[in-house]
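Asker: Quick check, what structure comes out for this input:
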Amino acid sequence: MNAYFCGLLTALVLLVACAEGGGNRPASDSGTSDDTGADVGPMDGNVPDTGSPDGSLPDTGVPDTGAPDSGTGTPDTSTPDTGTPDTGTPDTGTTDTGTPDTGTTDTGTPDTGAPDAGAPDTGTPDAGCTGAADCDDGLTCNGTERCELGACVSGTPPICDDGVACTVNQCVEPGTCTYTPDHGLCGAGFTCDMTAGCTATCSDTPCRLISPQCGCPTGQGCFLSGTTRACANLGTLAEGDPCSTATDCSAGTMCLNAGDSTTVFNICTRHCATDSDCATDSLCVYELNDGTGTPIPGVRLCSHACDIVRQTGCTAGTYCVGYRESTGAMRRFTDCSTPEGSGGRGATCVTNTDCQGGYACVDTGGTSDQCLHLCETATGVGCISGESCSSFSTPYILNGDEIGACL
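Answerer: Modelled structure (predicted):
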């Protein structure tokens, strides 16, 4: 086989004034018929009573002109104040209904910094710049300053990026970019490579071909480039799919020719070290050579399991063929190949490649070998009506089943 290779109030108050009068009236005259002249009756006030003695005639004495009773005075009979209460219209002025201020409150953190105790700047005001030289701060990593309309404008810092995700990129004066690998930026079992990025810790150098692969950055796989292992972007094609270049295939497989010496038909083929690295019913049987017949160390490939009787398991354009190891345990296995022969039932043949898929070139004892359809001796699957599945003289056991030919 040949190999093909390629990341949010009003209040109303009524006042009523009241004057209260009082005192006692003078006592009544208490004279009698045996009045002897002087009135010895009680005296009203300080003036003596000069009236005639009390007899049958009425008392003609001068009325009492004594001073008025100076008691508490004549009661105040003035009309009380019935003034109309103040019924003035209360103030109905319109209330201010303006929209309240809903401005956002400044919640900024108060400045708790120590007051600036420095002496006030009494220097001459900055007169601006006239050229880039007036703005240059002597640093390169913060960019080149420039003068625009008399004002200095900051420069654009240089970009330091090596494209490797696990390195720390930094500009160091006088303007040199440095890149330092940080293994902590990679997952467990990976280290940071200055060129490849995060790569799996790997015992193979520089990377491991067999799945699970290691030694290459995430998104890349280990492939053969000639006889040398190298990391390249992974493809998406699965084992057994047709391919054109090495990077068409998924991790752990390579693009390998399944055709004979005159035909090129590449399919993705799995790398292996032992049979356990291969799919069910596949064997780790192929060695890859450097083109001169010398095997490439540590490079082996699996066969493809398929059904030689039903002709299933191979991609279109190839057919299932039975093989046998040439050395060692001499185990039988299947693989996909091309081109397919044309001989059908009973056709004359010299080798199996003369026959169609599912047929074998069998010596029937006649003058020439014939293409006979293969079958399962236990079930007869593969034969048509009138045929029987006959065993070979040396039982042909493939994956636990005996294979025969229809006669």
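
Asker: show me the contacts for residue 333.
Answerer: Each residue near residue 333 by Cβ atoms under 8 Å, 6 or more residues apart in numbering is listed here: 281-283, 285, 303, 305, 322-325, 398. Glycine gets a C-beta too; all of them are placed from N, C-alpha and C.

Asker: Give me the domain ranges for this protein.
Answerer: 202-337, 348-406 (automatic domain parsing).

Asker: mind putting those in CSV, distance to residue 173 and mean pLDDT included?
Answerer: Conversion of the domains of the chain to CSV gives the following (distance: least, Cβ to Cβ, whole Å; pLDDT from 0 to 100):
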stretch, distance to residue 173, mean pLDDT
domain 202-337, 31, 93
domain 348-406, 70, 96
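
Asker: Just put those in TSV and tack on distance to residue 185.
Answerer: Listed next are the domains of the chain as TSV, based on distance: least, Cβ to Cβ, whole Å:
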stretch	distance to residue 185
domain 202-337	12
domain 348-406	48
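
Asker: out of those domains, nearest to residue 146?
Answerer: Nearest to residue 146 among these is domain 202-337; the distance by Cβ to Cβ comes to 40.1 Å.

Asker: what about residue 370, is that helix, strand or coil?
Answerer: strand (DSSP: H, G, I helix; E, B strand; the rest coil).

Asker: Confirm for me that it is in contact with residue 364.
Answerer: Yes: under the criterion of Cβ atoms under 8 Å, residue 370 makes contact with residue 364 at 5.3 Å.

Asker: Am I right that residue 247 sits in a helix?
Answerer: Yes: Residue 247: assigned to a helix according to three-state DSSP.

Asker: Tell me how many other residues crowd it.
Answerer: Taking other Cβ atoms under 10 Å as the criterion, the count of residues near residue 247 is 18.

Asker: Look up how far residue 333 lies from it.
Answerer: As for residue 247, its distance to residue 333 is 28 Å (criterion: Cβ to Cβ, to the nearest Å).

Asker: Strand partners (parallel or antiparallel) of the longest strand anywhere in the chain?
Answerer: Looking across the chain with DSSP state E, the single longest strand is strand 389-398. In the sheet, strand 389-398 lines up against strand 401-406 (antiparallel) (DSSP bridges).

Asker: Go through the strand it pairs with and flag the buried ones.
Answerer: Across strand 401-406, burial judged by 16 or more other Cβ atoms under 10 Å covers 403-406.

Asker: Of those, which is the nearest to residue 204?
Answerer: residue 403 (38.9 Å).

Asker: Would you enumerate the residues in contact with the closest residue to that closest one other than its chain neighbours?
Answerer: Nearest residue to residue 403, sequence neighbours excluded (Cβ to Cβ, 6 or more residues apart in numbering): residue 396, at 4.5 Å. Shown in contact with residue 396 (Cβ under 8 Å, 6+ apart): 322, 332, 402-404.

Asker: Now do the SS call for residue 147.
Answerer: strand.

Asker: what's the closest non-adjacent residue to it?
Answerer: Here the residue nearest residue 147, using Cβ to Cβ, 6+ apart, is residue 129, at 4.0 Å.

Asker: what do you get for residue 172?
Answerer: Nearest one to residue 172, counting by Cβ to Cβ, 6+ apart, is residue 178 at 5.5 Å.

Asker: and the next element down the chain from the host helix or strand of that neighbour?
Answerer: If you go by DSSP states H and E, residue 178 is part of strand 176-181. Using DSSP H and E, the helix or strand that follows strand 176-181 towards the C-terminus is strand 190-193.
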